[in-house]
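S.K.: coordinates only, no sequence provided:
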């Protein structure tokens, strides 16, 4: 799948929530709808879009009241982290799509911010100049941390699990 198409598919706050939800467990459109308090039709529409973009896949089919219920899973985020080559990075090839994605992330971060609880946290915002080696090392460390989180995600409300949030966008900047 084209990286730009994946970027466009994630440029919606609800689809970001669905991807997070399906990282920890396989779920049907009905289950996603109940968990996120949206209609089943809305959940189904967004799941089909994410499936076409290659971001979720059907991992199970079951018969429910004469119909075919599909259970989806988002597994790409738990694959080993590989830094994108410059030629694969969507922001440079389509700044408008990246801005839509950033806006969706900002909306989702605002929703999550009101849900924060006591516990460990890290927050930073920076626009800096770094040595290229240091920058590459930091990008790899954050990518590996994100991969570890996704690989260890649990189904919603699992005993002993805490609900957490992580939003990270790292990129090199051009001139203003």
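M.R.: Happy to help now that I have it. Predicted model only: the values in this text are computed from it and were never measured. Numbers count the residues shown, from 1 in each chain.
S.K.: now do the helices in this structure.
M.R.: 3-9, 13-24, 29-36, 40-52, 90-93, 95-113, 132-151 (DSSP state H).
S.K.: please work out the average pLDDT along the fifth one.
M.R.: Model confidence over helix 90-93, given as mean pLDDT, is 55.
S.K.: one more: stretch 158-172?
M.R.: 92.
S.K.: tell me how far that stretch is from the chain's mean position?
M.R.: 10 Å (C-alpha atoms, centre = their mean, to the nearest Å).
S.K.: what of stretch 111-120?
M.R.: Distance, centroid of stretch 111-120 to centroid of chain: 18 Å (C-alpha atoms, centre = their mean).
S.K.: then stretch 57-77?
M.R.: On C-alpha atoms, centre = their mean, the centre of stretch 57-77 falls 19 Å from that of its chain.
S.K.: mind listing what's buried in that stretch?
M.R.: By 16 or more other C-beta atoms under 10 Å, the buried positions in stretch 57-77 come out as 70-75, 77. Any C-beta I mention is one placed from the backbone N, CA and C, and that applies to glycine too.
S.K.: can these go into TSV with extra columns for pLDDT?
M.R.: Formatted as TSV, the buried residues of stretch 57-77 follow (pLDDT from 0 to 100):
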residue	pLDDT
70	94
71	94
72	95
73	93
74	90
75	75
77	59
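S.K.: adding distance to residue 40, write the residues you listed out as CSV.
M.R.: Listed next are the buried residues of stretch 57-77 as CSV, based on distance: C-beta to C-beta, whole Å:
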residue, distance to residue 40
70, 12
71, 14
72, 13
73, 18
74, 19
75, 23
77, 24
